[in-house]
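**Q** quick check, what structure comes out for this input:
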Amino acid sequence: MKRPTFIEGVGIALLASIAGSMLFTSLSPTMKNLQLVELIIAGLGLLYTLYLFSRSSERVGRVVTLSAWSVAAILIWFLNLPFTLYLLLHIGLIWLIRSLYFYTSPLSALADLGLSGLSIAAAVWAAIHTGSILLSIWCFFLLQALFTAIPADLKKRRPSKGTTRHQADRFQQAEQAAEAALRRLSSLN
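**A** As a prediction, this is how the structure comes out:
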């Protein structure tokens, strides 16, 4: 399956913000606001996780991962944690699933963790300055859409613009041969 695009992420952000604000508006007379927001966070987290599964080319472990996500979400709900910790744990679950299914290097996963931190900061800023759940969800998922710009492997060397693929491969082979020769020379001393 093809990696998600930024435009898809913008669409997901739009759908999530509209659905979350409609749920909040329609259910707020029947529930306490904090419980309702926590329920919306868990529901949007589940839907976003299912979206990530649908766009990932990795097929192994989906049932186990979804089961682990469900158990973690239920535990987070029943532990009655402070709201900040509740929110951070759900964002951590999203980050963990993206790290498992979209990245092959720890550097890429760390870049995604930074993006998640930036996303939550933007959502909190929007909540404080506007008081709108729609804008908070929009800001969060709009920045989350930028995960598509993080390469699967940040360590992998890319050929420079002026070199062809064949030249870059030859250079890597020469570099590896030189490193092997240096290792042999250093082991002789």
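
**Q** shaky segments in the protein?
**A** Scanning the chain for pLDDT under 70 picks out 1, 156-168, 189.

**Q** mind listing the helices for it?
**A** 6-27, 33-55, 62-78, 83-102, 106-130, 133-144, 165-188 (DSSP state H).

**Q** let's have those helices in JSON lines, adding distance to Ile150 and mean neighbour count.
**A** Quick note: C-beta positions are derived from backbone N, CA and C, even for glycine. Shown next, in JSON lines, are these (distance: least, Cβ to Cβ, whole Å; neighbours: other Cβ atoms under 10 Å):
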{"stretch": "helix 6-27", "distance to Ile150": "11", "mean neighbour count": "16"}
{"stretch": "helix 33-55", "distance to Ile150": "14", "mean neighbour count": "17"}
{"stretch": "helix 62-78", "distance to Ile150": "20", "mean neighbour count": "14"}
{"stretch": "helix 83-102", "distance to Ile150": "8", "mean neighbour count": "18"}
{"stretch": "helix 106-130", "distance to Ile150": "5", "mean neighbour count": "16"}
{"stretch": "helix 133-144", "distance to Ile150": "11", "mean neighbour count": "23"}
{"stretch": "helix 165-188", "distance to Ile150": "22", "mean neighbour count": "10"}
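
**Q** and of those, who's closest to Lys155?
**A** Among the helices of the chain, helix 106-130 comes nearest to Lys155, with 5.8 Å by Cβ to Cβ.

**Q** so the chain: which segments form each domain?
**A** 6-149, 157-189 (automatic domain parsing).

**Q** hmm, Trp138 is touching Ala13, no?
**A** Yes: using Cβ atoms under 8 Å, Trp138 is in contact with Ala13, at 5.7 Å.

**Q** re earlier: could I get the helices of the chain as JSON lines with distance to Lys155?
**A** Below are the helices of the chain laid out as JSON lines (distance: least, Cβ to Cβ, whole Å):
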{"stretch": "helix 6-27", "distance to Lys155": "23"}
{"stretch": "helix 33-55", "distance to Lys155": "23"}
{"stretch": "helix 62-78", "distance to Lys155": "24"}
{"stretch": "helix 83-102", "distance to Lys155": "15"}
{"stretch": "helix 106-130", "distance to Lys155": "6"}
{"stretch": "helix 133-144", "distance to Lys155": "23"}
{"stretch": "helix 165-188", "distance to Lys155": "13"}
